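*Asks:* what follows is a predicted structure for the sequence shown.
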Amino acid sequence: MSLSLLSSSRPQSRPHPRVLPERPLRAVLLGCGTVGGGVMAGISRQLAGDVTIEAILVSRHRKHRAPGRYFTEADCVLATGPSLVIDCLPDSDLAEQLLDRALSSGADVVSANKAVIARRPDLADRAHERGSLLRYAAAVGGELPVLETVARLRSERRDILSVSGVLNGTSNFVLDRLAEGAGLDTAIHAAQALGFAEADPSADLEGRDAEAKLRLISRAAFGRDPDTVHRDAIDETTPRCVRETAACGYRLRQVASLHRTGAGIEARIALTPRAPGDPLGEARDEENAVRISCEGGDSVLLTGRGAGREATASAVLSDISAILAERYGR
Ligand code: HSE
């Protein structure tokens, strides 16, 4: 991951006073797929003395998992009374209900679930009312500290005018494969096999994943959701468009952008040719690249891995560390 102009910092929201949770922090893990498996491995590697995983919610039992208490019933998992709930589930009604229940119980929550957080802005209010911490840095930009950088700029009273970037690793990976001559289905299957794509990859290709990320950025940057959203989809017409763009020496990219104008906040997810040397055009495979532009002409550029087990798990682990720091001052 690289960051130009500014270094990242975690936002320091103030939790309401409450009884300090026990240490090690008793956590449960919701989902143990690509990201959840990476988080579990990371906790045992980096946070073993600070966090214990009391229970893990899985969709089905499997042999050859890492040692742990696995349950297929969410009630069994939440009945352990965790202080921290780590959500690595795909977007679903179940994920939404469990986040709601976790925050209602007063637990702190770390979530990688951009779709749920985007459509349920009330969850942040619930966390605030209950004195819980809700963190979701992993929901935007993988290992890039996008939300943290936006929060830092705001805390420095810098006026953000626009944010634009490659925010979806799957679509970027697919566009690169199409440029190499692969077929659309082959490219999508490869993104799924590498753990980049959502459970339903149409969320990546139709720009809904990027839209959810833009909503989270918009709340962090402007305090509210966009007023208008436009989305272009990657579809069967895209391979030809990629070839024609490449013939002119450009790269086609799914560019997600937010602009604050006099008329409101506009979100766009558009397939856009980018010239060689343009950082958004230079993002390869599952990489993301995000430019945050401020009043006065300054801008911050973030680049790095935007999808996949390691990138997302490392962002979840950062959020867990931030919660440890806020709760215990460590
Ligand atoms: N499906 C998402 C992407 C995963 O490809 O960017 C990371 O948010």
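*Replies:* Perfect, thanks for sending it.
*Asks:* quote the end-to-end distance of stretch 149-163.
*Replies:* 11 Å (C-alpha to C-alpha, to the nearest Å).
*Asks:* how far does it sit from the chain's center?
*Replies:* How far stretch 149-163 lies from its chain's middle: 19 Å, per C-alpha atoms, centre = their mean, to the nearest Å.
*Asks:* show me what counts as buried in it.
*Replies:* 149-154, 158, 160-163 (16 or more other C-beta atoms under 10 Å). Every C-beta, even on glycine, is put in place using the N, C-alpha and C of the backbone.
*Asks:* among those residues, find me the one that's closest to the ligand.
*Replies:* The ligand has its nearest neighbour among those in Val163, at 15.8 Å by C-beta to the nearest ligand atom.
*Asks:* what number of residues lie near the nearest residue to the closest one once chain neighbours are set aside?
*Replies:* Sequence neighbours aside, Leu258 is the residue nearest to Val163 in space, at 4.7 Å (criterion: C-beta to C-beta, 6 or more residues apart in numbering). The number of residues packed near Leu258 is 23, by other C-beta atoms under 10 Å.
*Asks:* mind listing what's buried in the helix or strand hosting Leu258?
*Replies:* Element membership for Leu258, per DSSP states H and E: strand 251-261. Buried residues in strand 251-261, counted by 16+ other C-beta under 10 Å: 251-260.
*Asks:* quick check: the residue nearest to Val163 vs the ligand, distance?
*Replies:* Distance of Leu258 to the ligand, computed by C-beta to the nearest ligand atom, to the nearest Å: 17 Å.
*Asks:* show the contacting residues for that residue.
*Replies:* 162-164, 214, 217-218, 221-222, 226, 265-267 (C-beta atoms under 8 Å, 6 or more residues apart in numbering).
*Asks:* so which of the residues you listed is the most crowded?
*Replies:* Leu214 (30 neighbours).
*Asks:* what helices or strands is the one helix or strand that residue maps to leaning on?
*Replies:* Using DSSP H and E, Leu214 sits within helix 208-222. On a contact count with 3 or more C-beta pairs under 8 Å, 6 or more residues apart in numbering; DSSP states H and E, helix 208-222 meets helix 114-119, helix 146-155, strand 160-166, strand 228-231, strand 251-261, strand 264-274.
*Asks:* what about 7 Å?
*Replies:* Packing partners of helix 208-222 (3 or more C-beta pairs under 7 Å, 6 or more residues apart in numbering; DSSP states H and E): helix 114-119, helix 146-155, strand 160-166, strand 251-261, strand 264-274.
*Asks:* save those as CSV, and put in mean pLDDT too.
*Replies:* Below are those laid out as CSV (pLDDT from 0 to 100):
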stretch, mean pLDDT
helix 114-119, 98
helix 146-155, 97
strand 160-166, 98
strand 251-261, 97
strand 264-274, 98
